[in-house]
Structures are given as C-alpha cells and as structure tokens.
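Chemist: everything below, folded, please.
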Amino acid sequence: MSTSVKTIAVIGGGPAGLIAAETLSAAGAKVTVYDRMPTLGRKLLMAGRGGLNLTHSEDLGSFTQRYGAAVEWLAPMIEAFAPADLRAWAEGLGQETFVGSSGRVFPRALKASPLLRAWLVRLSSQGVDLRLRREWRGWNAAGELVFADQDGVIEAAAPDATILALGGASWPKLGSTGSWAPLLAAKDVALAPFRSANSGFEVGWSAMFAERFAGEPLKNIALSFEGQAVRGEAMIAGYGIEGGAIYALSANLREALARDGSTILEIDLAPDLSRAKLTDRLHRAAAGQSTTNLLRKAAGLSALEINLLREAHGLDLPREPGALARAIKAAPLRLTGMRPLERAISSAGGVERSAVDEGLMLRAVPGVYAVGEMLDWEAPTGGYLLQACFATGVHAARAILRA
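Modeler: Just a heads-up that it's a prediction; the model follows:
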C-alpha cells in the first residue's frame, strides 16, 4: 500500500462497504465506517430472513450475463472476486455454504445474522472503527467530510480516501434512501434516475381471483417476453404478480411499460410438455368432462392455474384440444404498472459508469470512490445482487491500495 494512503472513510455499512473496510484494514489501512443507522447490515439481515442467498453456482460466463447492459463493466470485477471467492470468504468466517436445488448458494445456517456477527468480530480485530448514527451531509468549505449524529452535532473528517457505499433507493426504512444523490449532483457527478428493479407488476385481476389466490405460488412455469424466456416460480399478489421468474424479466418489462403504458407477458403453465404432447393428452381425455376437470386431469393444472388461465383468456376457454393447448402454453397477462421504488427489492440508476474511472473513483471528486448498489447497474435476484456488491467493494479497496 502506498504510504500516502493512511486513513480511509467508508460511508455505508452494508456488504459493499464492509467488504471494502475489511480489505483495506487487512492491508494495514486505518479504516472508519460511518453509517446513519443504529446497526449495520440491516438490508442484509432482511434479505436473509427467508434464507441468505449469497451467490449462484452457475458457470461464470452465464453468471456475468445476468448483469445485462452492465456486463462489460462489472464482469472484470466479478471475475476478480468471483462466486468461489465469496463462498471461501464466508467459510473463512465459519459459515459453511451449500448449493440449493436451484443452483443458488446459501450459508448452511441460512440466516444472515451468524455471518454478520462473525464479520463484525473480524472487522473489530482488524482495528476498524465503527461510527453509527452518523448521517453524511456532504463536504464543508474545506473539503472535509461532514457528519451529523443523532442529536444534530456536526463532526468533520479528512481521510486520505473515501468509499461511498450508500446503497440505492429501495427499502428506505432500512437505510437505502438515495438521499445522497443531490450531494453528488452538486459536485457534477453524472447520475441516472432511480428506477424500480426486482419489483412486482400490477395486473387487473378480478376481485374473486385476487381474494382467493393472493399469496399463492405459481410453481414450474415459464415466462416469455420479447424473445426472452425464463423458467422458475412466481407469486400471485393482490395487486398483481411478483417473484423470481418475474424479476429476471423486470428490466425489459419496466422499459416496455414506460414506453407503452402496458405490456403483455406470456405464461406457459405446462413448460415440461410440448404443445403437441399436451394436445394429444387433451385429445385422449375422456369425453364429456367439464373444462375444469379436463384441465386438472389431462393437463395437470392446479386450481390457481386454471383460474389464471381464465383471467388471461376469459371464462369461456376453447374445448378443441389444439386451441386449448395453445391457451395453456401461452396465457397472456396484461401488466399495467410496476410497483413503486420503495416496494422494490433493489433499484436501477445511480452513479453512471462514465462518472467513475477504472478503479471506481469519481472523476469529479478525486479520492472518493463509489461501490455497490449506488452504481448504475441491476441484476435479478438469485445471488447476483450481493455478488456484485461484494465485488465492487473489493475492487475499489484494491484500487486504493494500489494508488
């Protein structure tokens, strides 16, 4: 490490900020982490309530393609701190990992709290100073960082380098408010507007369907939109539809909604059967059955799927086997809106790629780096969000150490 870098301020105590702090302090830097919340890693803990999905086990080439338009930018960072590195890091904290049936990687304990506790112990042992309930207010006239504590008392800091790890603009109750954007805009940092990512979409369900099926899962389906197909699961909500398969298409769906006001998503309710085979099954079914029994027995559809089919095509479904098979394999669902940013799992937008150099330092503010979700990229759930947060945090820390 260059002797010119003596002290580092990390603003934001989520995964990107904490891994940057760990990387820097392990190399001998004096690191202080500031966070406006009373505890660290709040979004990480919330994400881990249903099982902390750290990363994904698919091959690295397929993995990096999940970042869409940002793949060229993020791929080198993820290759330098890859899923295997993240798993080794977690296991170094005593948190054994395993690969689930979907290929997702989880700590054996599933929850985030054991990992976070072990992580904070490591940071403490490396001399990292944690200063909580400190809200960053930007810079003063002398160029120092300015913070306000819970009582409004102002303090200043003049580190040799600063890492901003302030998150995006989703889940504001957990600290990701996007309130940092005006502070950077005032410094002429190029910013893309915040937009919902990994969020549900609104559908005009009938009152009966919404009341009966809200909260029910759609398992083993395939979704198609503008030539992109995704297998997975979704969840019916009173307002519409959400879930992993939906999130994988959310960026393209969002753009179509912004352009056209509404859009059509197609659902294949029998993805394991070709249309020809499904037609044959329907054709061979016992004559005289009701449409509901035909769908249940010959096509294997659940009550939810049968009613969804009627929401998509209308109550009077075709009886001819070929036409009914087509209806099952391509049920059109009209999406009329996307859930608001504060309801989204993550956000797109933030610091644009052009605003940072190869080390993620802000071109307009030398010595200040941006990492994690505050950068303008997005990815579906499945471990891709956390992996990129960790990778960008490590990347910026290593850039500081090389300076």
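Chemist: all contacts plus neighbour counts: C-alpha atoms, from now on.
Modeler: Fine.
Chemist: and A156, what does it touch?
Modeler: Listed by CA atoms under 8 Å, 6 or more residues apart in numbering, the contact partners of A156 are 144-147.
Chemist: after the one helix or strand it maps to comes which helix or strand?
Modeler: A156 is part of strand 154-157 when elements are defined by DSSP states H and E. Next in sequence after strand 154-157, counting helices and strands by DSSP H and E, comes strand 161-164.
Chemist: check which residues of the helix or strand just after that next one are buried.
Modeler: Note on strand 161-164: by DSSP H and E, the next helix or strand toward the C-terminus is helix 181-185. Under the neighbour-count criterion of 16 or more other CA atoms under 10 Å, helix 181-185 has 181, 184 buried.
Chemist: output the longest helix belonging to the protein.
Modeler: helix 384-402 (DSSP state H).
Chemist: quick one: list the elements packing against that one.
Modeler: Judged by 3 or more CA pairs under 8 Å, 6 or more residues apart in numbering; DSSP states H and E, the packing partners of helix 384-402 are helix 15-26, strand 55-56, helix 71-80, helix 83-92.
Chemist: where does this structure have its least confident helix or strand?
Modeler: Here the helix or strand of the chain ranked lowest by mean pLDDT, DSSP states H and E is helix 42-47, holding a mean of 86.
Chemist: pull the residues that contact that one.
Modeler: 14-15, 111-113, 171, 174-175.
Chemist: what's the answer for stretch 20-40, then?
Modeler: Stretch 20-40 is contacted from outside by 1, 5-14, 17-18, 123, 126-136, 149, 163, 174-175, 393-394, 396-398, 401, using CA under 8 Å, 6+ apart.
Chemist: redo that, cut-off 7 Å
Modeler: For stretch 20-40, contacts defined as CA atoms under 7 Å, 6 or more residues apart in numbering pick out 6-14, 123, 126, 128-135, 175, 393-394, 397.
Chemist: cool, and stretch 180-194?
Modeler: 138, 169, 347-352, 355, 364, 376.
Chemist: now the buried members of the contacts of stretch 20-40.
Modeler: 7-14, 123, 126, 128, 130-135, 175, 393-394, 397.
Chemist: where do the helices sit along the stretch 201-350 of the chain?
Modeler: Applying DSSP state H, counting those that start in this stretch to the stretch 201-350 of the chain gives helices spanning 207-213, 244-248, 250-260, 275-284, 291-297, 303-313, 321-329.
Chemist: and these, which is most packed in?
Modeler: Neighbour counts (mean count of other CA atoms under 10 Å) averaged over each of the helices of the stretch 201-350 of the chain peak at helix 244-248, with a mean of 24.
Chemist: quick check: mean pLDDT of it?
Modeler: Averaging pLDDT along helix 244-248 yields 93.
Chemist: just the CA atoms of that helix, as PDB, please.
Modeler: The C-alpha trace of helix 244-248 is given here as PDB (Å, rounded to 0.1, in the frame of the first residue of the first chain):
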ATOM      1  CA  GLY A 244     -38.000 -14.700  -9.000                       C
ATOM      2  CA  ALA A 245     -39.100 -15.500 -12.600                       C
ATOM      3  CA  ILE A 246     -40.800 -12.100 -12.800                       C
ATOM      4  CA  TYR A 247     -37.700 -10.300 -11.500                       C
ATOM      5  CA  ALA A 248     -35.500 -11.900 -14.200                       C
END
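Chemist: can you tell me what sits against it?
Modeler: Residues outside helix 244-248 that contact it (CA under 7 Å, 6+ apart) are 198-199, 230-234, 380-381.
Chemist: and the furthest pair within those?
Modeler: S199 and R231 (17.4 Å; CA to CA).
Chemist: neighbour count winner among the two?
Modeler: The neighbour count for S199 versus R231, taken as other CA atoms under 10 Å, is higher for S199 (27 against 18).
Chemist: shaky segments in this structure?
Modeler: For the chain, the stretches with pLDDT under 70 are 1-5, 48.
Chemist: if you set the cut-off to 80 instead, what comes out?
Modeler: Within the chain, the ranges that satisfy pLDDT under 80 run 1-5, 47-50, 175, 286-287.
Chemist: let me see the domain layout of it.
Modeler: Domain ranges of the chain: 7-196+345-402, 201-338, per automatic domain parsing.
Chemist: and stretch 154-169, how far from the chain's centre?
Modeler: Here stretch 154-169 is found 23 Å from its chain centre; the criterion is CA atoms, centre = their mean, to the nearest Å.
Chemist: check stretch 65-84 too.
Modeler: Counting by CA atoms, centre = their mean, stretch 65-84 comes out at 14 Å from the chain centroid.
Chemist: how about the CA coordinates for it, as CSV?
Modeler: Extracted in CSV, the C-alpha atoms of stretch 65-84 (Å, rounded to 0.1, in the frame of the first residue of the first chain):
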residue,chain,number,x,y,z
GLN,A,65,-24.5,-12.2,-18.4
ARG,A,66,-27.1,-11.6,-15.7
TYR,A,67,-26.0,-8.0,-15.5
GLY,A,68,-27.4,-7.1,-18.9
ALA,A,69,-26.2,-3.7,-20.1
ALA,A,70,-23.6,-3.5,-17.3
VAL,A,71,-21.9,-6.8,-18.1
GLU,A,72,-18.9,-5.3,-19.8
TRP,A,73,-18.4,-3.0,-16.8
LEU,A,74,-18.9,-5.5,-14.0
ALA,A,75,-17.6,-8.7,-15.4
PRO,A,76,-13.9,-8.0,-14.7
MET,A,77,-14.7,-7.1,-11.1
ILE,A,78,-16.8,-10.2,-10.6
GLU,A,79,-14.1,-12.4,-12.2
ALA,A,80,-11.5,-10.8,-9.8
PHE,A,81,-13.8,-11.6,-6.8
ALA,A,82,-15.9,-14.5,-8.1
PRO,A,83,-18.6,-16.6,-6.5
ALA,A,84,-16.0,-19.1,-5.4
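Chemist: thanks again, I'm all set now.
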